[in-house]
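1. sequence plus the predicted model coming up.
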Number of protein chains: 2
Amino acid sequence: MKKYLLAPGPTAVSPEVLLSMAQPILHHRAPEFVELLKRVKEDLKWLFQTENDVLILASTGTGGMEGSVSNFLSPGDKALYINGGKFGERWGKICKGYGVLTEEIKVEWGCVVNPADVAAALEKDPSIKAVFIQASETSTGVAHPVKEVAQIVKNYDNCLMVVDAISAMGVFDVQTDAWDLDVVISGAQKALALPPGLAFVSISEKGWRQAEKCTNAKFYFDFKKERDAIRKNQTAYTAAVSLILGLEQSLKMMREEGREAIFARRATMAKALREGMEAIGLASFPKEGASVSVTAISAPEGYDAQAIYKDLRVKYGITAAGGQDQLKGKVFRISNMGYLDTFDTITAVAAIEMVLKAMGYEIKLGTGVGVAQEILLKK
Amino acid sequence: MKKYLLAPGPTAVSPEVLLSMAQPILHHRAPEFVELLKRVKEDLKWLFQTENDVLILASTGTGGMEGSVSNFLSPGDKALYINGGKFGERWGKICKGYGVLTEEIKVEWGCVVNPADVAAALEKDPSIKAVFIQASETSTGVAHPVKEVAQIVKNYDNCLMVVDAISAMGVFDVQTDAWDLDVVISGAQKALALPPGLAFVSISEKGWRQAEKCTNAKFYFDFKKERDAIRKNQTAYTAAVSLILGLEQSLKMMREEGREAIFARRATMAKALREGMEAIGLASFPKEGASVSVTAISAPEGYDAQAIYKDLRVKYGITAAGGQDQLKGKVFRISNMGYLDTFDTITAVAAIEMVLKAMGYEIKLGTGVGVAQEILLKK
């Protein structure tokens, strides 16, 4: 059976990238590799819309998140984190591990944070040294208003705006410099459509100043050491050379398509998927701020979302994602990231229709597909 | 110009492994991937000669080293480390970062640690909670007597034997269980002949007991979380799926060859290289305990080792390694690890002869090659 990877990470990788990674291994200190890193770091700056250093770590995105706590906050420091899903929750766990005191803004799953709540928290406690947020919360399919929150945080000289953009960067607009984002994290296995194993972190001057004062333990994720290395077109430790060969190819393809064109294409795919689902009576899970990166869809009343997710895989070779924690059985999730285009969206809608029909759900096959086609045709 | 990768990591990767990594991406929670991890973890146990859990981390070996400090030692605990090279030194740096007090046994570069010194240190201070050592110190090409040191450490119930076997495992005999090694670390980009990006760590029951008491901060390298995951054939965070596909292929090839056969073949290659060099007047750098993994060769009197290293690359497309820190300019290093066999050893000897000849070194071409051939023919 032909396989389709429509999960929100790892995502499908193009043949061009797979082949570029199958090249013979370059030594990580060889001149050719130094040249390669020089090109790649410029392309990453383009992707991040920044003039800041963008570090390249041999880890998944979680390593980038951990480093974004351990490099900027000392034990006893206070941080504010937005918890509206499984990844927001993770900020709290990492902070706790590093002795960082936390203030939490709990957001109902499927909703966005209200920037006024961030303003109130910072006003109440100006000792807060960082605000941690997700640009796209993968567990709920919600995009928080990062730009608006950052406008509040930038008024505090001793508070950093730290954004987990792991599943956002390269899917929709995240303007690192223009929006005053101090620390922005991304990873290989989402929009960049690479295998997992690389994290990227951009850090502002304000961020580096705060890093100078930080006493927390770190070694592998020591950002200052990585900064000194990347400025010489190197990495502090052995680089994941084959993934970086793939990264070069992926970024080349993204630059050819263009940032605005990518954002428009992904937004159209997400809209087609969402409206295709609505046409057959399946609601998008988010009440507000639906993310372009991943579409979380509520199962119809009386149907188990895990069963839909499972049938997609078993009957049709489509790997989507189920719901996590409190959403297990209630939602399933389809990625709009990775090496996917128009007809992958149509495949998703068609397959969901077919799975539901076989489960006894009343539906005229093609209804959702037709709606998705209309939207995709217009683009 | 055809390229040869003869550096002690990253090492050359076989076409079979490169192609296996070019397969479409599997989702890290998909049943096929769970099945794959189940096979791979058994093969890793075979490689490590252990019944213990072997964790699979998405990082380079250094991440495994850091976790082997942060998971077993708390701030204020005391550790002993053997420092006979750049990687031995690293143990001290990591411990310092984590507030671990250290006792250091300094070993002259090119020599092995004397187990009696370890015994004396532990007798003097029985509060020492871990001994950190390299099975193969890549910077000097020396293999420490791990088995003998472990026999001393095992008498201390509250002291762990922690072995960096990053460039040893799969090259020469390291018997995790039979030698009572509590924590053993390896990585993808050495003997396993994979691209960088994976670390492996085996942990004994004694190790897990000590981990229970540890208060140091960790998140990405939280070994208990990884243990709970690998027991269910999963990883705690997103797995580096393509590298793990390569790992399966690499381990399959190693099992086909057989552990003893691999050790014998690598030892013969190292001997051929070493004696080939001696035949043309170039001494092996180690005074004792020359490691099979990497051969460190002293440049002849009056010749710059960096120039030899550079000419190998520029004139002949051969990436070897120079000397690090105090050995820069004095030695160059040739790997016996990776996808290399008989004629790569011959290539190395022949190329070194040709580079030296062109530099004006007096030599009859073929002298070293002939000696290497004799040794390789007998195997």
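-> That came through fine.

2. enumerate the residues of the stretch 1-150 of chain A near chain B.
-> Taking C-beta under 8 Å from any C-beta of the partner chain as the contact definition, the stretch 1-150 of chain A meets chain B at A:3, A:5, A:7, A:9-13, A:18-19, A:21-28, A:30, A:58-63, A:66, A:70, A:93-94, A:97-99. For glycine as for every other residue, the C-beta is placed from the backbone atoms N, C-alpha and C.

3. narrow these to those in strands?
-> Of the residues of the stretch 1-150 of chain A next to chain B, the ones assigned to strands by DSSP state E are residue A:5.

4. any idea of the mean pLDDT for whichever strand or helix holds residue A:354?
-> Residue A:354 is located in helix A:342-358, with elements delineated by DSSP states H and E. Over the span of helix A:342-358, the pLDDT mean works out to 95.

5. any idea how far it is from the chain center?
-> 24 Å (C-alpha atoms, centre = their mean, to the nearest Å).

6. what's that helix packed up against?
-> helix A:259-279, helix A:305-316, strand A:318-319, helix A:367-378 (3 or more C-beta pairs under 8 Å, 6 or more residues apart in numbering or on different chains; DSSP states H and E).

7. which positions within that helix qualify as buried?
-> Across helix A:342-358, burial judged by 16 or more other C-beta atoms under 10 Å in any protein chain shown covers A:342, A:344-356.

8. in contact with the closest residue in space to residue A:365 that isn't next to it in sequence, which residues?
-> Nearest non-adjacent residue to residue A:365, counting by C-beta to C-beta, 6 or more residues apart in numbering or on different chains: residue A:353, 5.5 Å away. Going by C-beta atoms under 8 Å, 6 or more residues apart in numbering or on different chains, residue A:353 touches A:280, A:363, A:365, A:366, A:367, A:368, A:369.

9. try 6 Å
-> When contacts are counted by C-beta atoms under 6 Å, 6 or more residues apart in numbering or on different chains, residue A:353 touches A:363, A:365, A:368.

10. surely the last one and residue A:279 touch.
-> The reference is to residue A:368. Yes: using C-beta atoms under 6 Å as the test, residue A:368 is close enough to residue A:279 to be in contact (4.7 Å).

11. what about the residue nearest the centre of chain A, which SS state?
-> Ranked by distance to the mean C-alpha position of chain A (C-alpha atoms, centre = their mean), the top residue is residue A:167 at 1.1 Å. When classified by DSSP: H, G, I helix; E, B strand; the rest coil, residue A:167 comes out as coil.

12. now do residue A:55
-> With three-state DSSP as the criterion, residue A:55 reads strand.

13. quick one: residues contacting it.
-> Going by C-beta under 6 Å, 6+ apart, residue A:55 touches A:201, A:226, A:230.

14. before we move on, which element is the second one in?
-> I take that to be residue A:226. Secondary structure from DSSP H and E places residue A:226 in helix A:223-230.

15. which residues sit against that helix?
-> For helix A:223-230, the external contacting residues (C-beta under 6 Å, 6+ apart) are A:53, A:55, A:67, A:71, A:235, A:236.

16. need the pLDDT of the third one.
-> Spelled out, that is residue A:67. 98.

17. which residues does the closest residue in space to it that isn't next to it in sequence contact?
-> Setting aside the residues directly before and after it, residue A:67 is nearest to residue A:221 in space (C-beta to C-beta, 6+ apart), at 3.4 Å. By C-beta under 6 Å, 6+ apart, the contact set of residue A:221 is A:63, A:66, A:67.

18. format the contacts of residue A:55 as a markdown table; extra columns: pLDDT, neighbour count and distance to residue B:307.
-> Shown next, in a markdown table, are the contacts of residue A:55 (pLDDT from 0 to 100; neighbours: other C-beta atoms under 10 Å in any protein chain shown; distance: C-beta to C-beta, whole Å):
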| residue | pLDDT | neighbour count | distance to residue B:307 |
| --- | --- | --- | --- |
| A:201 | 98 | 30 | 38 |
| A:226 | 98 | 23 | 31 |
| A:230 | 97 | 20 | 28 |
